[in-house]
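J.: Generate coordinates for the sequence data below:
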Amino acid sequence: MVTEEDFEVLADEFLRDPCPASALQFVRAWNGDLVRYDEAADVFAVRRKDGFIKTCYRPDPVFHGKATNLEYYLSEKAEA
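T.: Below you'll find the model as predicted:
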């Protein structure tokens, strides 16, 4: 089982600069959030422009309604 501390370390490492080579990212023009997704690790995360981690999770098509998690990331990017 993963602890809250383990999860925080994962999020910190994933959202650290520079972007991991295996990840995709974009910045939301409307608020400056950095959005990152790593298909190999299956991790989706959002960091505010001030560095605060808003969210970090493994997306699930059951909840976001897209066919794949990559499609979910791309839909988020299209809304940016």
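J.: Just want the most central residue of the chain.
T.: The residue lying closest to the centre of the chain (C-alpha atoms, centre = their mean) is Ala45, at 2.1 Å.
J.: Identify the residue spatially nearest to it, adjacent ones excluded.
T.: Among residues not flanking Ala45 along the chain, Cys56 sits closest, at 3.9 Å (C-beta to C-beta, 6 or more residues apart in numbering). The C-beta positions use only the backbone N, C-alpha and C, and glycine is treated the same way.
J.: and that neighbour, what does it touch?
T.: By C-beta atoms under 8 Å, 6 or more residues apart in numbering, the contact set of Cys56 is 7, 10-11, 14-15, 43-46.
J.: rewinding a little: is it true that the residue nearest to the centre of the chain lies in a strand?
T.: Yes: judged by DSSP: H, G, I helix; E, B strand; the rest coil, Ala45 forms part of a strand.
J.: and it, what is it in contact with?
T.: Listed by C-beta under 8 Å, 6+ apart, the contact set of Ala45 reads 11, 14-15, 35-37, 53, 55-57.
J.: Among those, name the buried ones.
T.: With burial judged by 16 or more other C-beta atoms under 10 Å, the buried subset of the contacts of Ala45 is 11, 14-15, 35-37, 56.
J.: how close does Asp33 get to Val43?
T.: Distance of Asp33 to Val43, given as C-beta to C-beta, to the nearest Å: 16 Å.
J.: Follow the chain on from the helix or strand that Phe63 is a member of and name the next helix or strand.
T.: Taking DSSP states H and E as the definition, Phe63 sits inside helix 61-64. Remark: after helix 61-64, the chain's next helix or strand is helix 69-79, criterion DSSP H and E.
J.: chain center to that following helix: distance?
T.: Helix 69-79 has its average C-alpha position 11 Å from the chain's average C-alpha position, going by C-alpha atoms, centre = their mean, to the nearest Å.
J.: Could you pull up the mean pLDDT of that helix?
T.: Averaging pLDDT along helix 69-79 yields 97.
J.: Which positions in the helix or strand of the chain with the lowest mean pLDDT come out as buried?
T.: None of the helices or strands of the chain scores lower by mean pLDDT, DSSP states H and E than helix 4-15, at a mean of 92. Buried residues in helix 4-15, counted by 16+ other C-beta under 10 Å: 11, 14-15.
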